[in-house]
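Coordinates for the following, if possible.
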Amino acid sequence: MTATEESQDKLVAQNRRARYDYTVLDTIEAGIVLAGTEVKSLRNGKASLQEAFATIDNGEIWVRQMHIPPYEQGNRWNLDPVRPRKLLLHRLEIGKLHRSVAQKGNTLVPLKLYFSRGRAKLLLGICKGRKTHDKRAAIADRDAKREVSRAKRTGERGE
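Residues are numbered from 1 along each chain as shown. This is a model prediction of the structure:
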């Protein structure tokens, strides 16, 4: 994706905690089947991926526990906010994900929900869970990089 295409994407929701709790091994973009009022609610920027996870059932991928609140003007057409939603992927991509998840410790975690060229997309990550000491090491690495970049900036200014 080029920088101009990426800037046209409208981010709706992001699971920031996922990158802390999991090591992301690979990512894949999937379409998502939504009802009309759900799309309107997403266009208002309302959704939550905090509890969401993806499963593979009978050769189909479903995202579960993704919360899309009801559309305010939607009345009787509003659906259950946390209903399972089907993801749209090619059969070969589903097979690849199924083989990856079959390995011990791997899981499918939704990372981002966004609009790309007018279509709702979900960025799925093939992730491996982190232990507590791995999380501490990641925090230490991030802090060290921040200190180095801060030192470079102050060095360039001549302070």
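
most centrally placed residue in the protein?
residue 111 (1.5 Å; Cα atoms, centre = their mean).

which ones are touching that one?
14-15, 18-19, 24, 27, 49, 123-125 (Cβ atoms under 8 Å, 6 or more residues apart in numbering). (Each C-beta comes from the backbone N, C-alpha and C, glycine too.)

what's the helix or strand for it?
strand 106-116 (DSSP states H and E).

ok, back up a step: what is the nearest of the contacts of residue 111 to residue 90?
residue 124 (13.4 Å; Cβ to Cβ).

Show me what the helix or strand where the closest one lies is packed against.
Taking DSSP H and E as the definition, one finds residue 124 inside strand 119-129. With contacts taken as 3 or more Cβ pairs under 8 Å, 6 or more residues apart in numbering; DSSP states H and E, strand 119-129 sits against helix 16-21, strand 22-32, helix 91-102, strand 106-116.

tell me which residues of the helix or strand that the second one is followed by are tucked away?
Toward the C-terminus, strand 22-32 is succeeded by helix 36-43 as the next helix or strand (DSSP H and E). For helix 36-43, a neighbour-count test (16 or more other Cβ atoms under 10 Å) marks 37-42 as buried.

ok, back up a step: so for residue 60, which of the helices and strands packed on strand 119-129 sits nearest?
Closest among the helices and strands packed on strand 119-129, using Cβ to Cβ: helix 91-102, at 7.5 Å.

would you put the C-alpha positions of the closest one in CSV?
What follows is helix 91-102 as a C-alpha-only set of coordinates in CSV (Å, rounded to 0.1, in the frame of the first residue of the first chain):
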residue,chain,number,x,y,z
ARG,A,91,-10.4,-20.1,0.3
LEU,A,92,-6.6,-20.3,0.0
GLU,A,93,-6.2,-17.5,2.6
ILE,A,94,-8.6,-19.3,4.9
GLY,A,95,-6.5,-22.5,4.5
LYS,A,96,-3.3,-20.6,5.3
LEU,A,97,-4.9,-19.1,8.4
HIS,A,98,-6.3,-22.6,9.5
ARG,A,99,-2.7,-24.1,9.2
SER,A,100,-1.3,-21.2,11.2
VAL,A,101,-3.8,-21.4,14.0
ALA,A,102,-3.4,-25.2,14.2
